[in-house]
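In: I need the structure of the sequence given here:
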Amino acid sequence: MAAQDDLWQRVKIVVDSVEQQLAKELQREHGLGITEFRALKLLSQAPDSELRMQELAKLLGLSQSSVTRLVERLERGGHTIRDLCPKDKRGVYSVITGRGREVVSKAQQDYNGYLNNAFENAAAQPENQHVIQSLRTLIQTESAIES
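Out: Numbers count the residues shown, from 1 in each chain. Just a heads-up that it's a prediction; the model follows:
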């Protein structure tokens, strides 16, 4: 069991390292936090370009109060608007705007490059190489399935 625990800890270390580098690049180059980028990407891919706030929170792994603050930041930047659910006036949707779509599209063009760079940096540490190789294999397999 110790080997499983050790492997999981190594995966966590690699993921945290990759996430930190992605966050820095997205912020520096596009003025977006990583969670903001992910929220905009989810909204851009959602039917009608909108998600209920509860669904967005769930998909991002955020609490309701955290997703509310996130959406407020996105609204201030002109990336999203809020809309009431027509069937349930208590339900609130976050809807991506044209500006939000433009920003996420530009960031997405660079994202895979950032991800590859982050993988390379993490793989520079020998203890991370098997995790990075496994992640790359998983990504290639998923890409082949989607094709």
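
In: burial measure for V18, as a count.
Out: 21 (other Cβ atoms under 10 Å). In short, each C-beta sits where N, CA and C put it, glycine included.

In: top helix in this protein by residue count?
Out: helix 2-30 (DSSP state H).

In: Which parts of the helix or strand bottoming out on mean pLDDT in the chain count as buried, going by neighbours?
Out: The helix or strand of the chain with the poorest confidence is helix 129-146; it has a mean of 89 (mean pLDDT, DSSP states H and E). Across helix 129-146, burial judged by 16 or more other Cβ atoms under 10 Å covers V131, I132, L135.

In: residues making contact with it?
Out: L7, R10, V11, V14, F119, A122, A123 (Cβ atoms under 8 Å, 6 or more residues apart in numbering).

In: ditto for stretch 12-27
Out: 32-34, 37, 107, 110-111, 114-115, 117-119, 121-122, 128, 131-132, 135.

In: quick one: that stretch to chain centroid distance?
Out: 11 Å (Cα atoms, centre = their mean, to the nearest Å).

In: Spit out the contact partners of S44.
Out: Contacts of S44 (Cβ under 8 Å, 6+ apart): I96, G100, R101, V104, S105.

In: Regarding it, what is its secondary structure?
Out: helix (DSSP: H, G, I helix; E, B strand; the rest coil).

In: That one and Q133, how far apart?
Out: Distance of S44 to Q133, computed by Cβ to Cβ, to the nearest Å: 31 Å.

In: In helices only, show me the contacts of S44.
Out: Those of the contacts of S44 lying in helices (DSSP H): G100, R101, V104, S105.

In: how much space between the residue nearest the centre of the chain and V14?
Out: Geometric centre of the chain, nearest residue: R38, 3.1 Å, by Cα atoms, centre = their mean. Distance, R38 to V14, by Cβ to Cβ: 19 Å.

In: Over to A39?
Out: Counting by Cβ to Cβ - A39 and V14 are separated by 24 Å.

In: more crowded one of the two?
Out: A direct count of neighbours by other Cβ under 10 Å for A39 and V14 places A39 higher, at 29 against 23.
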